[in-house]
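1. Next input, structure requested:
(one chain, ligands or ions: 1)
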Amino acid sequence: MKVYFIGAGPGDPELLTIKAKKVLEKAEIVIYAGSLVNPEILDYAPQAEVYNSAGMTLEEVLGKMEEASEKDQTVARVHTGDPSIYGALQEQIDYLKEVGIAYQIIPGVSSFLAAAAAVEREFTLPDVSQTVIVTRLEGRTPVPEKERLHKLAKHNTSLAIFLSVHMISDVVEELKEEYPIKTPIAVVQKASWSDERVVQGQLSNIVEQVKTAEITKTAMILVGDFLDSDYQHSKLYDKNFSHQFRQAEE
Ligand code: SAH
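-> Sure thing, here's the model as predicted:
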């Protein structure tokens, strides 16, 4: 018996890993985050008893896992994207460790990666930014003072902002303190789903565009010059540079 924490990916059921799919195929119990996980992935587990954690408390989720453990049943605990990002994962694994229930974590494709794919951009362009900051605005979950968006913004890195599209004007206000007003910004709603939508603009005009498009949830905010700028080509494929796997051309 084991509890498998699965990253279900951003939406497209084919963005599940092969390992995750195999777990779903053998799971006797599935507990999935119904507010965001694409229910189509449940088709991989027709044999399982299914629970939607959207209406459950932490205690109820852990209670189901303990019950399953007593019956020696395999549990798939399905989180959206990757479970390590805004997944409320730690409190579950720490409890299981405490009570001695075996578990394993299977990573998934996070939505910030699916969002970059949707806009066909690379986060880490040479000479533009070599850093990606994953963050959010404060909601009911507090954000440490040192990580206020305008403080992170000082570095002008590539940014992936979760859980904040309903506060897009606050996001832009904080970013404007440090990023030039013409900085490109994209909002990707439901990346990789069949009804994915992308809105692109600059700090100066994105608020209006997001309002017009009526995007208020399940969206990623991407910010930075990586979205639209000149850049140096990578050294990795540069014919004038040698590295471990390739000699430079003479
Ligand atoms: N663990 C998840 C994130 C959960 S928090 C992951 O790794 O992706 C929920 C937030 O993730 C949403 O508010 C939204 O900002 C983002 N999100 C989840 N799925 C998304 C998708 N398909 N497209 C865009 N943003 C998404």
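2. Could you count how many residues lie near the closest residue to the ligand within the chain?
-> Per Cβ to the nearest ligand atom, residue 81 is where the chain lies closest to the ligand, at 2.0 Å. The way it works is simple: take the backbone N, C-alpha and C, and place the C-beta from them, glycine included. Residue 81: 28 surrounding residues under other Cβ atoms under 10 Å.
3. Can you tell me who it pairs with across the strands?
-> Beta-bridge partners for residue 81, by DSSP bridges, are residue 9.
4. Can you pull the residues of the protein lying near the ligand?
-> 10-11, 36, 79-82, 85-87, 110-111, 114-115, 162-163, 188, 190-193, 218-220 (Cβ under 6 Å from any ligand atom).
5. Could you tell me which residues make contact with the residue of the chain closest to the ligand?
-> 7, 8, 9, 10, 36, 87, 108, 109, 110, 111, 112, 114 (Cβ atoms under 8 Å, 6 or more residues apart in numbering).
6. Also residue 5?
-> Contacts for residue 5 were tallied using Cβ under 8 Å, 6+ apart; they are 77, 79, 83, 89, 92, 93, 103, 104, 105, 106.
7. With residue 191 instead?
-> By Cβ under 8 Å, 6+ apart, the contact set of residue 191 is 10, 11, 111, 114, 115, 117, 118, 220.
8. Looking at neighbours, which among those residues is most surrounded?
-> residue 10 (30 neighbours).
9. and it, what does it touch?
-> 80, 81, 109, 110, 111, 113, 114, 115, 191, 192, 193.
10. Give me the subset of the contacts of residue 81 that lies in strands.
-> residue 7 (DSSP state E).
11. Against which helices or strands is the longest helix seen in the chain packed?
-> Using DSSP state H, we find that the single longest helix of the chain is helix 58-70. Counting contacts by 3 or more Cβ pairs under 8 Å, 6 or more residues apart in numbering; DSSP states H and E, helix 58-70 packs against strand 3-7, strand 29-32, strand 75-79, helix 90-99.
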